[in-house]
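S.K.: Here's a sequence, model it:
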Amino acid sequence: MEHIRLQKEKPDAVESLASGIAHDLNNLLSAIKGRASLMLNSITPTDPLHPHVMEIINCIDKGSDIADQLLGFARVDEYYTAPIDINRLIRKILENLDLAGRKITLDANLATQILIVNADTQKMEQVFNSIIINAIMAMPDGGKLTVVSESAKILNSNAESYGVAPGMFVKITISDTGIGMDKEVVENVFTPFFTADHKKFPEKKGLGLTFAKEIIMNHNGAIDVWSSPGVGSSFAIILPLNEITESPDIPEKSDQMLMGNESILLVDDEERILTVGREICKALGYAVTTADSGQKAIEIYKANKGRFNLVILDMIMPEMNGLETFKVLKQINPDVKVLLSTGYSIDDKAQEMLNAGCKGYILKPYSVIDFSHKIREVLER
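M.R.: A predicted model of the protein is given here:
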């Protein structure tokens, strides 16, 4: 019995370790990206340092993707679903792709409508990243990567073959013109650690596609694949459609920093986050006070009631976490404006904060520009 208990505890310990590493990595990347963003906004595009700073920021974003993968592993059986714009999520992933030197062209043909699905954002990012990375690896000599999204009505006959209930779905197809797969590989592409013919199909191993299928099925969707050697592969994903609306004519987001002069209380247990956060807030024109714990934040807020226009609050802190701190701040001032800053995707604690009146959230690591826009969004709400 002791052996069985230890077997159960070991995966829990590994998941906890992965979660902790991801949290620490995101905090470190946040401090680096904050300083890199400050540097970027103090030099011109023609400055010799500009491409180097941009590459630092690109590397930080790649590191953040690794942290997201660790978090996905840490909470493989946990799902936090919310309505999301699937096109917006895909667009974000494609914008972060690094195809430099690969001779790969990208053709993104996303639906013009807003397609809303109930999904776990982090899990969906994990799915699309796995499939897209596989597609890129399948084109070592270059080729074409195509991503298509559309709404689709699936009737009884097709629904049965997919293993889903009939209805309206979002269909996302990811295709490549790479080496393709033979029948044996196609039939086992979702099998854990399937490694038939390593040299010919080096990308078809590990757990990426296995997790992808499990995630899609847990969202009441389905995933299928078609492939032919020398022709390429196509993965089709369907997810239940929650809502479809026409895209409004929204002006593109400004790439300029938005300034302000309000008073901010910045709360985080990481000294490096407080340091760079203070510098960013000052650069944006704000008066900023810092607190390195939830308890300290409450003491400062209570002693200066009415002074702070915004509290920027970290979620993961020892002794008193962000949710607990938020509840006390609400007792002091029911109208307190709080911006949640977290390295995690939105989980149950964060969702409880948002439901209770937290005005918004921003994921670490973030740039100065994104931070400046989020602050104004919350303050002006």
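S.K.: For the chain, give me the ranges with low pLDDT.
M.R.: Where the chain drops to pLDDT under 70, the residues are 1-16, 18, 65, 68-78, 193-208, 246-255, 344-348.
S.K.: From residue 233, how far out is the residue nearest the centre of it?
M.R.: Nearest to the mean C-alpha position of the chain, by CA atoms, centre = their mean, lies residue 122 at 5.1 Å. Using CB to CB, to the nearest Å, we find residue 122 at a distance of 25 Å from residue 233. No exception for glycine: its C-beta is placed from N, CA and C like everyone else's.
S.K.: Note down every partner strand of the lengthiest strand in the chain and its orientation.
M.R.: In the chain, assigned by DSSP state E, the strand with the most residues is strand 143-154. Strand 143-154 has its sheet partners listed here by DSSP bridges as strand 104-109 (parallel), strand 167-176 (antiparallel).
S.K.: possible to save the ones you listed as CSV with distance to residue 332 and mean neighbour count?
M.R.: Listed next are the strands paired with strand 143-154 as CSV, based on distance: least, CB to CB, whole Å; neighbours: other CB atoms under 10 Å:
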stretch, distance to residue 332, mean neighbour count
strand 104-109, 47, 13
strand 167-176, 43, 21
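S.K.: how does this structure divide into domains?
M.R.: Domain segmentation of the chain under automatic domain parsing yields 2-74, 82-245, 263-379.
S.K.: right, so of the ones you listed, which gets closest to residue 256?
M.R.: With CB to CB as the criterion, residue 256 lies closest to domain 263-379 of those, at 7.3 Å.
S.K.: now the closest residue to residue 209 other than its chain neighbours, what's its secondary structure?
M.R.: Counting by CB to CB, 6 or more residues apart in numbering, residue 209 lies nearest to residue 190, which is 5.3 Å off, once chain neighbours are set aside. Of the three states, residue 190 takes coil according to DSSP: H, G, I helix; E, B strand; the rest coil.
S.K.: now do residue 226
M.R.: At residue 226 the chain is in strand, as set by three-state DSSP.
S.K.: other SSEs contacting the strand or helix carrying residue 239?
M.R.: Using DSSP states H and E, residue 239 sits in strand 232-240. On a contact count with 3 or more CB pairs under 8 Å, 6 or more residues apart in numbering; DSSP states H and E, strand 232-240 meets strand 114-119, helix 121-137, strand 143-154, strand 167-176, strand 222-228.
S.K.: and residue 354, which of the three is it?
M.R.: Per three-state DSSP, the local secondary structure of residue 354 is helix.
S.K.: That one and residue 378 touch, don't they?
M.R.: No - the pair residue 354 / residue 378 is not scored as a contact, 11.9 Å apart, by CB atoms under 8 Å.
S.K.: more neighbours, these two?
M.R.: residue 378 (21 against 15; other CB atoms under 10 Å).
S.K.: excluding its backbone neighbours, what's nearest the more buried one?
M.R.: Counting by CB to CB, 6+ apart, the residue nearest residue 378 is residue 359, at 4.4 Å.
S.K.: How much space separates residue 235 from residue 125?
M.R.: In this view, residue 235 and residue 125 are 15 Å apart by CB to CB.
S.K.: Of these two, which one has the most company?
M.R.: residue 235 (24 against 21).
S.K.: Which residues are in contact with the more buried one?
M.R.: For residue 235, the contact set (CB atoms under 8 Å, 6 or more residues apart in numbering) comprises 131, 135, 173, 174, 175, 223, 224, 225.
S.K.: from these, which two are the most distant?
M.R.: 135 and 224 (15.1 Å).
S.K.: When the two are compared, which one has more neighbours?
M.R.: With neighbours defined as other CB under 10 Å, residue 135 and residue 224 compare such that residue 135 has more, 25 against 13.
S.K.: any idea how far residue 145 is from that one?
M.R.: Applying CB to CB, the value for residue 135 to residue 145 is 6 Å.
S.K.: Name the residues contacting each of the two.
M.R.: Common contacts of residue 135 and residue 145 (CB under 8 Å, 6+ apart): 174, 175, 176.
S.K.: Kind regards, and thank you for your time.
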